[in-house]
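Enquirer: Structure for the following, please:
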Amino acid sequence: MEQIYTIPVNEAFDASAADHACGCPMCALYRKLEENELDLILGASMMEPDVRIQTNEEGFCRTHYDMMFVRKNRLGMALTLESHLKELQNDLKAGLLGTVIGKAETRPVKRIKALENSCYVCRRIDFHFQHMAQTVVYLFETDENFRKKIPAQPYFCLPHYRLLLERGNARLGKKQMAEFTEVLGDVTRNYLSTLTEDISWFCKKFDYRYDKEPWKNSKDSVERAIKFLRADLHGAPDKK
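Expert: Just a heads-up that it's a prediction; the model follows:
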């Protein structure tokens, strides 16, 4: 029986199997989580005191600041920034003493360094995404129908291929892990082989001797190679 936490995983794998343009199903899951978190932080969660405490402390990475900026709730973002900036004013006051004693204080340095390496949205996404990766392994272990969906995937990007292998190794027995490794590896190696051929053909098309040859499936091979190597986590900005 399908559980509520398995539904998003099944939907993503079904969508990528049906339309290979959807790409890596794990990337699609990440982007869905990201959209949900951005909607929440600029909507229902914005004025919740416990959320405000966390966003004041963690802030956001540049990527998610940019993604929030182009969304329609500019006021919501401004209110979040107002609260965050006021708290930072208090946190950085200690730095004023450095102008008197002629020595940098550690508190502002530590606070800014922590802020540079934190993001409320990234942390929330990572928490849920790790559980989704574990759900993929669980479904492989317990659901015969799901097992059939893995070979039907267009590809798994390298970061998520690595993540699934790690999660599988932590949960599966020796026999099932060997099967999991084989099916994931087959999908990944087959795509890598095809992608390499497409990239090679793309390069040849810049040689005058191949000028009249068709492009085949190589025109978007550079973009696809980047997505395969580094994942496809952030969709195009939705300028509302």
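
Enquirer: can I get the CA coordinates of stretch 195-212 in PDB?
Expert: Extracted in PDB, the C-alpha atoms of stretch 195-212 (Å, rounded to 0.1, in the frame of the first residue of the first chain):
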ATOM      1  CA  LEU A 195      26.300  11.900 -23.500                       C
ATOM      2  CA  THR A 196      30.000  11.400 -24.400                       C
ATOM      3  CA  GLU A 197      29.100  10.600 -28.000                       C
ATOM      4  CA  ASP A 198      26.800  13.600 -28.200                       C
ATOM      5  CA  ILE A 199      29.500  15.900 -26.900                       C
ATOM      6  CA  SER A 200      32.100  14.500 -29.300                       C
ATOM      7  CA  TRP A 201      29.700  15.000 -32.200                       C
ATOM      8  CA  PHE A 202      29.000  18.600 -31.000                       C
ATOM      9  CA  CYS A 203      32.800  19.300 -31.100                       C
ATOM     10  CA  LYS A 204      33.100  17.700 -34.600                       C
ATOM     11  CA  LYS A 205      30.300  20.000 -35.900                       C
ATOM     12  CA  PHE A 206      32.800  22.900 -35.500                       C
ATOM     13  CA  ASP A 207      35.100  21.200 -38.000                       C
ATOM     14  CA  TYR A 208      34.400  22.400 -41.500                       C
ATOM     15  CA  ARG A 209      34.600  18.700 -42.700                       C
ATOM     16  CA  TYR A 210      31.400  18.000 -40.700                       C
ATOM     17  CA  ASP A 211      29.600  21.200 -41.700                       C
ATOM     18  CA  LYS A 212      27.000  19.500 -43.900                       C
END
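
Enquirer: Now it: average pLDDT?
Expert: Per-residue pLDDT over stretch 195-212 has a mean of 97.

Enquirer: lowest average confidence, helix or strand, in the chain?
Expert: helix 98-101 (a mean of 56; mean pLDDT, DSSP states H and E).

Enquirer: which non-adjacent residue is nearest residue 152?
Expert: Excluding the flanking residues, the one nearest residue 152 by C-beta to C-beta, 6 or more residues apart in numbering is residue 17, at 3.8 Å. Any C-beta I mention is one placed from the backbone N, CA and C, and that applies to glycine too.

Enquirer: How about the contacts made by the one you found?
Expert: When contacts are counted by C-beta atoms under 8 Å, 6 or more residues apart in numbering, residue 17 touches 149, 152, 153.
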